[in-house]
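> Pasting the sequence and the predicted coordinates here, then a few questions.
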Amino acid sequence: MEMEMEITLKESAIVRPAQDTPKVSLYNSNLDLVMTRYHVPTVYFYNNPNGCSNFFDPGKLKEALSEILVPFYPVAGRLGFDENGRLEIVCNAQGVLFVEAETSWVMDQLIGDFSDNSQVFRLVPKVDYSAGISSYPLLVLQVTTFKCGGVCLGVAVQHSLGDGTSALHFINSWADTARGLSPSIAPFFDRTLLRARIPPTPKFQHVEFDPPPSMDKTSHSIPASADFIKPSIVSIFGLTVDQLNTLKAKPNAENGDTRKYSTYNVLAAHIWRCVSKARGLSNDQVTKLHIPIDGRSRLKPPLPPGYFGNAILMSSEIARAGDLQSETFTDTTKRIHELLKKVDDEYLRSAIDYIENVPDLSTLVRGPHTFRCPNLAIISWMWLPIHDADFGWGRPIYMGPANVVQEGKIYILPSPTRDGSLSLVTRLETAHMKLFKQLLYEF
């Protein structure tokens with residue numbers, strides 16, 4: 001058992017906007033309402049190669065934070081309910097949490113550590129949900145200094161506030177402000193752009209909102225009780241540019257399919273096939289693949305560049321495990337290609353209308369039951385600017401989720417050196433991980 005990291009909290013402060021900001025309530029769209037209601041934790045690690053004395057100076061960071069909270073004022077607000085009981089964001093300038101900490105550990109002990117006794121979670125402030133939804137900040141931050149001189153910036157953003165694109169828009173704008181630059185894109189807060197139509201008219205069968213398939217009783221890996229959660233672990237797997245190119249050439253090599261499939265498309269097909277096989281699913285077992293799709297550019301007209309909120313639709317494809325094993329790699333790739341193509345303006349509007357007609361929204365809010373075996377979510381951060389937060393002391397050497405708590409979730413992360421390689425941060429049942437690793441590199 002690894003020893004527990006000693007961490008000293010030096011100061012904890014609430015940072016409010018530097019000027020008066022609008023006292024308004026922000027409407028949440030249906031895409032905001034179906035998000036898991038928790039703070040998404042991420043970590044940024046920074047080297048201090050020159051031994052700079054004012055490295056990640058808290059005063060400078062807090063001053064820039066206070067400034068950037070003026071244009072991004074909803075971030076300093078709190079959750080609340082409107083008169084109809086609908087979740088909204090109350091812009092009341094109550095501020096965000098900023099914690100300063102230090103530890104005698106060195107940074108390398110923590111980068112990419114997802115082991116069961118990993119201490120990485122301690123680099124992000126813990127949110128106390130017990131006092132109700134209006135009690136906690138929507139953004140909590142922690143700057144931890146290591147013995148080696150490096151720093152971790154731990155960030156947790158409440159998911160109703162925005163998706164990854166919006167969270168990064170804020171963090172990168174804060175970093176720009178700390179460097180004395182004006183943020184390039186202003187945030188756009190009017191979420192009524194994603195309001196349902198009157199009357200709501202869903203036109204498609206939205207399998208993404210159906211309850212997730214559960215394990216068949218005949219499957220050999222079924223636990224005694226359906227609620228029994230099996231032990232799972234997180235592993236990170238790297239894929240080089242050469243490996244990705246080999247994978248992308250496979251549909252052509254396999255049956256002369258000359259279509260140019262995206263890296264995500266072929267990778268998602270490969271991962272889904274490998275995971276289903278590694279889990280030993282029976283041929284008749286139904287498995288559901290979840291793919292988050294950013295609707296910003298797919299809507300007509302597209303959302304404004306700084307749209308701040310959740311514009312993600314968790315789209316889904318369903319297949320029998322036996323079909324995934326018997327069909328060619330190209331066939332699985334085509335399934336995903338069709339799914340990615342299907343989500344256009346009409347489909348997204350139909351999904352928003354579908355949610356509008358659901359009497360109890362809590363049935364749609366995703367959680368651990370959504371993704372676990374026999375199902376899977378493949379979340380791509382490939383195109384997100386996750387390494388652009390330069391506060392004046394250089395880009396991060398690593399950025400990623402602080403933890404992956406749900407079995408069946410896989411994150412695809414780009415390389416900090418921009419060399420085109422990718423990392424897969426993967427949580428699967430412990431019994432399935434070894435075979436998954438073997439299958440992943442067989443192509």
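Structure received.
> low-scoring stretches of the stretch 251-400 of the chain, by residue?
For the stretch 251-400 of the chain, no stretch is flagged by pLDDT under 70.
> what ranges do the strands span in it?
Applying DSSP state E, counting those that start in this stretch to the stretch 251-400 of the chain gives strands spanning 286-294, 312-320, 376-380, 398-401.
> Quick one: closest of those to Glu67.
Minimum separation from Glu67 across the strands of the stretch 251-400 of the chain (Cβ to Cβ) falls at strand 398-401, 22.8 Å. All C-beta spots, glycine's among them, are computed from the backbone N, C-alpha and C.
> Could you list the low-pLDDT ranges of the stretch 1-150 of the chain?
Short version for the stretch 1-150 of the chain, where the test is pLDDT under 70: 1-2.
> What segments of it are helices?
30-33, 58-68 (DSSP state H, counting those that start in this stretch).
> Give me whichever of these is most buried.
Neighbour counts (mean count of other Cβ atoms under 10 Å) averaged over each of the helices of the stretch 1-150 of the chain peak at helix 30-33, with a mean of 21.
> can you pull the contacts of Met399?
Neighbour list for Met399: Thr42, Val43, Tyr44, Phe45, Ile386, His387, Ala389, Leu413, Pro416 [criterion: Cβ atoms under 8 Å, 6 or more residues apart in numbering].
> go again using 7 Å as the cut-off
Neighbouring residues of Met399 by Cβ atoms under 7 Å, 6 or more residues apart in numbering: Thr42, Tyr44, Ile386, His387.
> Equivalent analysis for Pro41, please.
Val124, Gly154, Ala156, Pro401, Ala402, Asn403.
> Once you drop chain neighbours, what's closest to it?
Spatially, and ignoring its direct neighbours in sequence, Pro41 is nearest to Ala402 (3.7 Å; Cβ to Cβ, 6 or more residues apart in numbering).
> Okay, and the beta partners of the nearest residue to Val207 once chain neighbours are set aside?
Distances taken as Cβ to Cβ, 6+ apart put Ser316 closest to Val207, at 5.2 Å, once the chain neighbours are dropped. Beta-bridge partners of Ser316, counted by DSSP bridges, are His290.
> I'd say Ser316 and Thr287 touch.
No: using Cβ atoms under 7 Å, Ser316 is not in contact with Thr287; the gap is 10.5 Å.
> Which one of those two is surrounded by more residues?
Using other Cβ atoms under 10 Å as the criterion, Ser316 and Thr287 rank with Thr287 on top: 24 against 19.
> just to revisit the earlier point, out of the helices of the stretch 1-150 of the chain, which gets nearest to Ala196?
Between these, helix 30-33 lies closest to Ala196; by Cβ to Cβ that is 6.4 Å.
> hey, where'd the helices end up in the stretch 251-400 of the chain?
Counting by DSSP H, counting those that start in this stretch, the helices of the stretch 251-400 of the chain are 263-278, 321-326, 329-342, 345-356, 368-371.
> Go through the ones you listed and pick out the most buried.
Ranked by mean neighbours (mean count of other Cβ under 10 Å), the helices of the stretch 251-400 of the chain are led by helix 263-278, with a mean of 22.
> Using PDB, write down the CA coordinates of that helix.
This file holds the C-alpha atoms of helix 263-278, laid out as PDB (Å, rounded to 0.1, in the frame of the first residue of the first chain):
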ATOM      1  CA  THR A 263      -9.100   8.600 -36.500                       C
ATOM      2  CA  TYR A 264     -11.900   8.700 -34.000                       C
ATOM      3  CA  ASN A 265     -14.100   6.600 -36.200                       C
ATOM      4  CA  VAL A 266     -11.700   3.700 -36.700                       C
ATOM      5  CA  LEU A 267     -10.400   3.900 -33.100                       C
ATOM      6  CA  ALA A 268     -14.000   3.700 -31.700                       C
ATOM      7  CA  ALA A 269     -14.800   0.700 -33.900                       C
ATOM      8  CA  HIS A 270     -11.600  -1.100 -32.800                       C
ATOM      9  CA  ILE A 271     -12.100  -0.300 -29.100                       C
ATOM     10  CA  TRP A 272     -15.700  -1.400 -29.100                       C
ATOM     11  CA  ARG A 273     -14.800  -4.800 -30.800                       C
ATOM     12  CA  CYS A 274     -11.900  -5.300 -28.400                       C
ATOM     13  CA  VAL A 275     -13.900  -4.500 -25.200                       C
ATOM     14  CA  SER A 276     -16.800  -6.700 -26.200                       C
ATOM     15  CA  LYS A 277     -14.400  -9.600 -26.800                       C
ATOM     16  CA  ALA A 278     -12.300  -8.900 -23.700                       C
END
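> For that helix, name the packing helices and strands.
Secondary-structure packing of helix 263-278 (3 or more Cβ pairs under 7 Å, 6 or more residues apart in numbering; DSSP states H and E): helix 241-255, strand 286-294, helix 321-326, helix 329-342, strand 376-380, helix 430-440.
> can you redo those as a markdown table with distance to Ser53?
As requested, these are exported to a markdown table (distance: least, Cβ to Cβ, whole Å):
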| stretch | distance to Ser53 |
| --- | --- |
| helix 241-255 | 39 |
| strand 286-294 | 41 |
| helix 321-326 | 56 |
| helix 329-342 | 49 |
| strand 376-380 | 39 |
| helix 430-440 | 44 |
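> Please name the nearest non-neighbouring residue to Tyr73.
Thr21 is the one closest to Tyr73 (Cβ to Cβ, 6+ apart), at 3.7 Å.
> returning to what we had before: so which of the contacts of Pro41 is the closest to Arg372?
Closest approach between the contacts of Pro41 and Arg372, by Cβ to Cβ: Asn403, at 15.9 Å.
> Could you pull up the residues touching the residue nearest to Pro292 when sequence neighbours are not counted?
Among residues not flanking Pro292 along the chain, Ile312 sits closest, at 4.8 Å (Cβ to Cβ, 6+ apart). Contacts of Ile312 were listed using Cβ under 7 Å, 6+ apart, and they are Leu31, Asp163, Pro292, Ile293, Asp294.
> Next, work out how far apart Ile312 and Pro212 are.
18 Å (Cβ to Cβ, to the nearest Å).
> How about the contacts made by the residue nearest the centre of the chain?
For the chain, the residue nearest the mean C-alpha position is Gly164 (5.9 Å; Cα atoms, centre = their mean). Contact analysis of Gly164 by Cβ under 7 Å, 6+ apart lists Trp381, Leu384.
> Got phi/psi on it?
phi -60, psi -40 (degrees, to the nearest 10).
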